[in-house]
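A.B. asks: Attaching a predicted model along with its sequence, questions to come.
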Amino acid sequence: MTMVWSPDYLGSPGKMVLANPLTCTNTPKGEDKLYSDAKGVVPSLDLRFAEGKNLNDYMTGTPLVDHQRSMFGSNLSAGTFVNSSGLIETAKVNALTANSEVFSGWPVPSTATQTTTSPFNTTAEAIDRADATSITVNDPSAVTFSGYFKQGSSRYVYLRSVNWISIANCRVWFDLQTGNFVNVSPGAAPISNAFATSVGNGWYRCGFTLDSTGDSVGNIQIRATDSSTNISNVGYVFAFGIQVEEGPVSTYIPTTTAASAAPRFDHNPTTGESLGLLVEESRTNLINYSQDFNFWGTGSTQTLQENAAVSPSGANDATKAIPSTVFESKNLYKNVSPNATNVCSIYVKAAGYTNFQARELGAARFYVNFNLSTSTYVGGGADYISADITPVGNGWYRCSVINSTSAVAYSIAGYPDGYDPGAAPPKFVGDGTSGIYIWGAQVEVGSFPTSYIPTTGTALTRSADVASITGTNFSSWYNQSEGSFYYEGAARNNPLNGLRFVSGTHPRSFLNSGSAGNNNVGSYDGTYSVGLVGGIDWQDGAKAAVSWSSATRTITKDGQVPYTAISNQHNIAETQVYLNRSSNGTSILSGTIARLTYFPERLPDSTLQAITQ
């Protein structure tokens, strides 16, 4: 066993987190087109999600956005996104169910009372001891414990893993004066790395990885002490941002009363373009084996070759479906019961055959014939609504069908070029070699597909993303009397009635297509609505802006002539902003937010038009 202390461990945990810098080194004036188009008006908030790939405010360099995607309860998925390499990646999870920052909410709370400024410019508590129990992970080969610590009356802190495996009740000490890992007990503990990385102002992110845990539930303890061997708590240290995660350490993920998944920064899978923060409503993948097609029913004697190709995840885990040499139906099928309008989707790649059919078994149901060489499709059937074929890189396509059936025998099949199966399952004689690669099947209730939810034996649910700015994080930049928001992003669902992008206690909203004729861009303040009428699709991305004062509100999108209406209810103080949902969570905008900028004054109409062009 080799013990390692390295400030550059895993790309340096401190650097990964301090993509959230402690001090602002930005130069906002003169180097950004949005600022110059605003004619010298400097914003007080600028969230550049696509550019920065973090939750930082560009103006202050601090992370003002609170993001949560709850992992509370069983059968939950952390969610996936497309990384900068164009591969589908699963988001990381902080498995800690206690509050990761406020230790008074832990099962065994701290008794220290001192406070200081955290690495994220919030309040950090002093602790003498803190225990968290029954932390659950998915039985990984490695689990990492980490936290931010600063010297208090005690120089040392140790983290202890408890009840993960019989020999894993180990303590790892860190010297907060020198920023070093200094000791581990017992020496036979299966630790691969211990790290202490400076993040500024006397703070260190300290942690270690426990290998081959073999267990999915355990505890973690924190103790302040006066030496590198003492196991009794003495004095106090400052602590913040405790994290328990599968695999190596990642960017810090806050938790409150439940495990939480990390924010997802999505990319275009074919170009690698950064699209920004992915925020979605909750969805469930009803397919209980989304990648292992051996658990699907077969309508023929076709062969399934596992691990036959590299999938959109970058792993060699795609399946090749090869029709037999007997004249018969060639399909796999899976029974689900969505009981509503739903979306069936699957990732497909040519493997000798470039034609592919997705259908529902039974009479008068949906069917879609996809052509992978031309990226086209033809669909029909009583339950058929629409379909789509989207390239996702390396020859793969995500093929989806929106249908109105309540019980689906979801069937898939590949067939030769030039063969038209019509509405029926393809029947032909295969050559014993040609087929299609398949991976990542999903059936979800809704009118559009969302990010892929992998399953391995049971249906899984991805919780809704909740992204908000509250308290002093909100009041530090918001002007109650007037202001202007600029938005840049893409919605996977066109905004419907009551769907809001910005909403607080004051009923002022943005991207609300409510009362003014089913607008694609709107603003509503409780009595009066203002918006742009027109069927403009958001899925390819858009720029929008809204500006208001006590008298009027104006809104525009993509350089259109701004529309102005009277304003109302500016006597109610705003206290928060939700980035993709109404305050009660009933209306959610699913898509990516590339940028959200706030100017603390009402911009002229001509400026609104200029910044959205």
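C.D. replies: Thanks, I have the structure now.

A.B. asks: Can you tell me the centre-most residue of this protein?
C.D. replies: Nearest residue to the geometric centre of the chain (Cα atoms, centre = their mean): Arg264, 3.1 Å.

A.B. asks: so that residue touches Leu275, yeah?
C.D. replies: No: counting by Cβ atoms under 8 Å, Leu275 is not a contact partner of Arg264; they are 10.2 Å apart. (Each C-beta comes from the backbone N, C-alpha and C, glycine too.)

A.B. asks: ok, back up a step: do you know how far the residue nearest to the centre of the chain is from Arg171?
C.D. replies: 35 Å (Cβ to Cβ, to the nearest Å).

A.B. asks: try Asp383
C.D. replies: For Asp383, the distance to Arg171 equals 60 Å [Cβ to Cβ].

A.B. asks: Quick check: next helix or strand after the helix or strand bottoming out on mean pLDDT in the chain?
C.D. replies: Least confident helix or strand of the chain, by mean pLDDT, DSSP states H and E, is helix 13-17 with a mean of 28. Downstream of helix 13-17, the first helix or strand assigned by DSSP states H and E is helix 33-37.

A.B. asks: Check which helices and strands that next one is in contact with.
C.D. replies: When contacts are defined as 3 or more Cβ pairs under 8 Å, 6 or more residues apart in numbering; DSSP states H and E, helix 33-37 packs onto helix 605-611.

A.B. asks: Work out the gap between the helix it packs on and the centre of the chain.
C.D. replies: What separates the centre of helix 605-611 from the centre of its chain is 32 Å, taken as Cα atoms, centre = their mean, to the nearest Å.

A.B. asks: and what of stretch 547-562?
C.D. replies: How far stretch 547-562 lies from its chain's middle: 31 Å, per Cα atoms, centre = their mean.

A.B. asks: For that stretch, buried residues please.
C.D. replies: Buried residues in stretch 547-562, counted by 16 or more other Cβ atoms under 10 Å: Ser547, Trp548, Arg553, Thr554, Ile555, Thr556, Lys557, Asp558, Gln560, Pro562.

A.B. asks: Can you redo those as JSON lines, where the extra columns are distance to Asp215, pLDDT and secondary structure?
C.D. replies: Formatted as JSON lines, these follow (distance: Cβ to Cβ, whole Å; pLDDT from 0 to 100; DSSP: H, G, I helix; E, B strand; the rest coil):
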{"residue": "Ser547", "distance to Asp215": "56", "pLDDT": "84", "secondary structure": "strand"}
{"residue": "Trp548", "distance to Asp215": "55", "pLDDT": "82", "secondary structure": "strand"}
{"residue": "Arg553", "distance to Asp215": "56", "pLDDT": "77", "secondary structure": "strand"}
{"residue": "Thr554", "distance to Asp215": "59", "pLDDT": "81", "secondary structure": "strand"}
{"residue": "Ile555", "distance to Asp215": "54", "pLDDT": "80", "secondary structure": "strand"}
{"residue": "Thr556", "distance to Asp215": "56", "pLDDT": "82", "secondary structure": "strand"}
{"residue": "Lys557", "distance to Asp215": "53", "pLDDT": "81", "secondary structure": "strand"}
{"residue": "Asp558", "distance to Asp215": "53", "pLDDT": "83", "secondary structure": "coil"}
{"residue": "Gln560", "distance to Asp215": "58", "pLDDT": "81", "secondary structure": "coil"}
{"residue": "Pro562", "distance to Asp215": "60", "pLDDT": "79", "secondary structure": "coil"}
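
A.B. asks: Switch those residues over to a markdown table; also include distance to Gln291.
C.D. replies: Listed next are the buried residues of stretch 547-562 as a markdown table, based on distance: Cβ to Cβ, whole Å:
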| residue | distance to Gln291 |
| --- | --- |
| Ser547 | 48 |
| Trp548 | 49 |
| Arg553 | 49 |
| Thr554 | 49 |
| Ile555 | 44 |
| Thr556 | 45 |
| Lys557 | 39 |
| Asp558 | 39 |
| Gln560 | 44 |
| Pro562 | 49 |
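
A.B. asks: Taking those residues together, which two end up most distant?
C.D. replies: Comparing every pair within the buried residues of stretch 547-562 by Cβ to Cβ identifies Trp548 and Asp558 as the most remote, at 19.7 Å.

A.B. asks: Which residue is the nearest non-sequential neighbour of Ser313?
C.D. replies: Once flanking residues are discounted, Ser313 sits nearest to Ile88: 4.7 Å by Cβ to Cβ, 6 or more residues apart in numbering.
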